[in-house]
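> Fold the stuff below for me.
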Amino acid sequence: MKLVITEPTKVKAFAIIFRQLKNIVADVNMEFSDESVYIQGMGQSQVCLFELLIQKDWFTEYEVNKSFVMGLHCEFMFKMLNC
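Next up, the predicted model:
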């Protein structure tokens with residue numbers, strides 16, 4: 001798997017996604033396919049439902065050899081991206 005974002009505005013937007021998600025839910029499962037990244041979930045109070053689909057052309061480089069699901073802790077991901 002190789003995901004590259006070189007445009008500063010897109011990097012900032014990607015970090016903002018995880019900054020906002022950490023306020024709704026602690027962990028998410030990200031589904032990586034050969035065409036997109038997909039996240040769907042529900043807040044802990046079961047009031048907020050969210051869905052996110054980022055197509056591969058949004059990234060500078062996008063290479064996924066085999067579809068898979070990866071669990072991420074939103075706060076840790078935001079901290080890493082914010083560095």
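
> And the helix or strand of the chain with the lowest mean pLDDT, what does it pack against?
Here the helix or strand of the chain ranked lowest by mean pLDDT, DSSP states H and E is helix 74-82, holding a mean of 84. Secondary-structure packing of helix 74-82 (3 or more C-beta pairs under 8 Å, 6 or more residues apart in numbering; DSSP states H and E): helix 8-24. The way it works is simple: take the backbone N, C-alpha and C, and place the C-beta from them, glycine included.

> Partner strands of the helix or strand following the helix it packs on, with direction?
Note on helix 8-24: by DSSP states H and E, the next helix or strand toward the C-terminus is strand 27-32. If you go by DSSP bridges, strand 27-32 pairs up with strand 36-42 (antiparallel), strand 68-73 (antiparallel).

> my guess is Phe50 contacts Ile17, does it?
No: Phe50 is beyond contact range of Ile17, at 10.0 Å (criterion: C-beta atoms under 8 Å).

> low pLDDT regions in this structure?
Within the chain, no range satisfies pLDDT under 70.

> give me the number of residues near Met80?
Met80 has 11 neighbours, counted by other C-beta atoms under 10 Å.

> measure it to Gln40 for me?
For Met80, the distance to Gln40 equals 22 Å [C-beta to C-beta, to the nearest Å].

> same thing with Lys79?
23 Å.

> Kindly report the same for Met77.
Computed as C-beta to C-beta, the Met77 to Gln40 distance reads 16 Å.
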